[in-house]
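Student: model the following, please.
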Amino acid sequence: MKSESIHDSSNEYNYRNIEVVRRDNVITVALNRPDKLNGVDMVMFDELIDISRRLKRDRQLRAVILTGNGDNFSSGLDFSAMMANKRFAAQLLVKVWPGSANRAQQVSANWRALSIPVIAVIEGYCWGAGLQIALGADFRICSPNANLSIMESKMGLTSDMAGSLGLREVMAKDQAMRISMCATQLDAARALELGLITEIHDTPMQAADDLCQELALKSPDVTAAIKHIYTRYWTAPAWKLLAYETYSQIRIMLGQNFKQAQKGLRNKTAASFKSRQKYW
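Tutor: Alright, predicted model coming up:
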């Protein structure tokens, strides 16, 4: 059994290979094939894409927690399930245009597009496709027993699920290339040293909950703006970053949540924030 269970709540979402549970304004999305070490199959691809798109439209949400049921985040792609149908590979890789995200890439890239923080809680194996999904999160909190690897080169492939977007932001290029080329397995301590993960915690789900509570005290408009500043413009030319900073600040100051933040400061009380502004 996992050291910490997914939050108890009625499951309002009907999925087969992921479990989605809402508690207040936090959603937990758990990969739910524990008997297969949460190996990613075609159903899971489609369900992760569907839930990420649904959550993008929910302006009341404050955070998403990504995890895996059982003792592991994910051992990677379920090759036996994916090879059962020769059309699956084409369905995953086809694109509308070269710069768009295909189905394989959306399970990582879609989390980056949300206007709320996404926290990956990682225990046990986080290999291949599993790590690609986790790299779409903004924070990765691991248990001490976590084992992480960009495993694709071992299978004669390159990683192609958009995890490189997150990887280039958190690791030095030479280190990222090395662990990708060599399919290096990293324990939690080494992953933290390289910048691949955010934190090691004996009870990572509790640490994620604590972070969600801390984030809930801040304006959702500010949180959204900061996420997009860093996600969209981290590697952009300086003028784009500066322009978006100014744009974001003006939009924040014109919104209701800025007034609520100022009211809370004046009264020395917690601010009562409204839903996130529509434009984020």
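Student: just the strands in this structure please.
Tutor: 18-23, 26-31, 63-68, 118-122, 125-127, 139-142, 147-149, 186-187, 199-200 (DSSP state E).
Student: how far off centre is the first one?
Tutor: So the one you mean is strand 18-23. On the basis of CA atoms, centre = their mean, to the nearest Å, strand 18-23 sits 15 Å off its chain's mean C-alpha point.
Student: any idea of the angle it forms with strand 63-68?
Tutor: Angle, strand 18-23 to strand 63-68, by axes from the mean of the first three to the mean of the last three CA atoms, to 10 degrees: 140 degrees.
Student: how confident was the prediction at residue 86?
Tutor: Reported pLDDT at residue 86 in the predicted model: 78.
Student: scratch that, residue 90 is what I was asking about
Tutor: pLDDT, residue 90: 85.
Student: and it, how many neighbours does it have?
Tutor: 9 (other CB atoms under 10 Å). (C-beta placed from N, C-alpha, C; glycine too.)
Student: for residue 169, same thing?
Tutor: 15.
Student: how about the contacts made by it?
Tutor: 230, 234, 235 (CB atoms under 8 Å, 6 or more residues apart in numbering).
Student: for the one residue sitting closest to the centre of the chain, which non-adjacent residue is spatially closest?
Tutor: The residue lying closest to the centre of the chain (CA atoms, centre = their mean) is residue 137, at 2.3 Å. Counting by CB to CB, 6 or more residues apart in numbering, residue 137 lies nearest to residue 120, which is 3.8 Å off, once chain neighbours are set aside.
Student: for that neighbour, the count of nearby residues, please.
Tutor: Considering only other CB under 10 Å, residue 120 is surrounded by 29 other residues.
Student: what is it paired to in the beta sheet?
Tutor: Judged by DSSP bridges, the bridge partners of residue 120 are residue 66, residue 140.
Student: residues touching it, list them.
Tutor: 65, 66, 67, 73, 133, 134, 137, 139, 140, 141.
Student: if I look at the first one, what pLDDT would I see?
Tutor: Each residue has a pLDDT score; the one for residue 65 is 98.
Student: got it, and the fifth one?
Tutor: In the predicted model, residue 133 carries a pLDDT score of 98.
Student: that one contacts residue 76, doesn't it?
Tutor: No: the criterion here is CB atoms under 8 Å, and residue 133 misses it with residue 76 at 9.9 Å.
Student: what about residue 129, distance to residue 84?
Tutor: As judged by CB to CB, to the nearest Å, residue 129 and residue 84 stand 16 Å apart.
Student: who's more crowded, the two?
Tutor: A direct count of neighbours by other CB under 10 Å for residue 129 and residue 84 places residue 129 higher, at 30 against 11.
Student: what is the burial count for residue 91?
Tutor: Around residue 91 there are 14 residues (other CB under 10 Å).
Student: chain neighbours aside, what residue packs nearest to it?
Tutor: residue 103 (6.4 Å).
Student: let me see the contact set for that neighbour.
Tutor: By CB under 8 Å, 6+ apart, the neighbours of residue 103 are 45, 46, 49, 91, 92, 93, 94.
Student: the residue lying closest to residue 150 once chain neighbours are set aside - how many residues pack around it?
Tutor: Counting by CB to CB, 6+ apart, residue 150 lies nearest to residue 180, which is 4.7 Å off, once chain neighbours are set aside. Residue 180 has 20 neighbours, counted by other CB under 10 Å.
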